[in-house]
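Colleague: Whatever this is, show me its structure:
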Amino acid sequence: MSIKKASQHLSLDPKLAPVLASVGLVAITKNDDLYFTLLRAIVGQQLSTKAAATIWARFLNLFPHREPYANLVLAVDTEQLRSVGLSYQKAGYIKNIALFSIEKTLDYSVLKKLTNEELVVYLTQIKGVGKWTVEMILMFSLAREDVFTTDDLGIVTAMKNLYGIDTTNKAYKKEMITIAEQWKPYRTYACMCLWKWKDELKTQLK
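Modeller: The predicted structure is shown next:
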């Protein structure tokens, strides 16, 4: 991965260039344990960072050596999962991930040959795992450099402010995709840049 190459390429976009100069780029830390990452993503959905960390720690404590192997997750009673702060729905999703890892596979050494789009299709077969969740995992865990999402509110807001996208227009996602074409093959870095910029703007307006 080359931060320098990504920065040079993204700077060709005249609107993104000043944003990039302001917030900079950072390297992505890779964690290709798909099974573990998916479990954590489900636990943390729609929770604050602090609440997610607390429930995740309680969840891990249900298992010997804090290792939630798939067979152990399937053996845990749903009420036990509920006792650590998980909803019935999330408990079900976690068991779905465990079952999928046994019946199919979540071994990234096997799946790494799949494209981003193929991984989205493959992983969203798991009930409870949506497209946005997979896109975030592709970016932040698998360190795929060329991922773009139209379903993230932060990216939508940032692109609305920077490019004047009209989000009342039903075709606004197509407009986002068209703009993002120029960022290939570093769309992940562009998204990271936009998120950081949006957060800094929010801080400045407080």
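
Colleague: chain center to the helix or strand bottoming out on mean pLDDT in the chain: distance?
Modeller: Counting by mean pLDDT, DSSP states H and E, the weakest-scoring helix or strand in the chain turns out to be helix 187-205, with a mean of 86. Chain-centre distance of helix 187-205: 15 Å, with Cα atoms, centre = their mean, to the nearest Å.

Colleague: Quick check: buried residues in it?
Modeller: For helix 187-205, the neighbour count (16 or more other Cβ atoms under 10 Å) marks 187-198 as buried. Placement of C-beta: from N, CA and C, glycine included.

Colleague: elements contacting it?
Modeller: Contacts defined by 3 or more Cβ pairs under 8 Å, 6 or more residues apart in numbering; DSSP states H and E place helix 187-205 against helix 3-10, helix 16-23, helix 131-140, helix 153-163.

Colleague: Not counting its neighbours along the chain, what's nearest the residue nearest the centre of the chain?
Modeller: For the chain, the residue nearest the mean C-alpha position is residue 136 (1.2 Å; Cα atoms, centre = their mean). The shortest distance from residue 136 to any non-neighbouring residue, by Cβ to Cβ, 6 or more residues apart in numbering, is to residue 41 (7.1 Å).

Colleague: ok, back up a step: could the buried residues of helix 187-205 go into CSV alongside distance to residue 181?
Modeller: Below are the buried residues of helix 187-205 laid out as CSV (distance: Cβ to Cβ, whole Å):
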residue, distance to residue 181
187, 9
188, 14
189, 15
190, 11
191, 14
192, 18
193, 16
194, 15
195, 19
196, 22
197, 20
198, 21
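
Colleague: and stretch 90-108, how far from the chain's centre?
Modeller: The answer for stretch 90-108 is 17 Å, by Cα atoms, centre = their mean.

Colleague: Kindly report the same for stretch 53-61.
Modeller: In terms of Cα atoms, centre = their mean, the gap separating the centre of stretch 53-61 from the centre of its chain is 20 Å.

Colleague: can you give me the mean pLDDT across that stretch?
Modeller: Taken as a whole, stretch 53-61 carries a mean pLDDT of 97.
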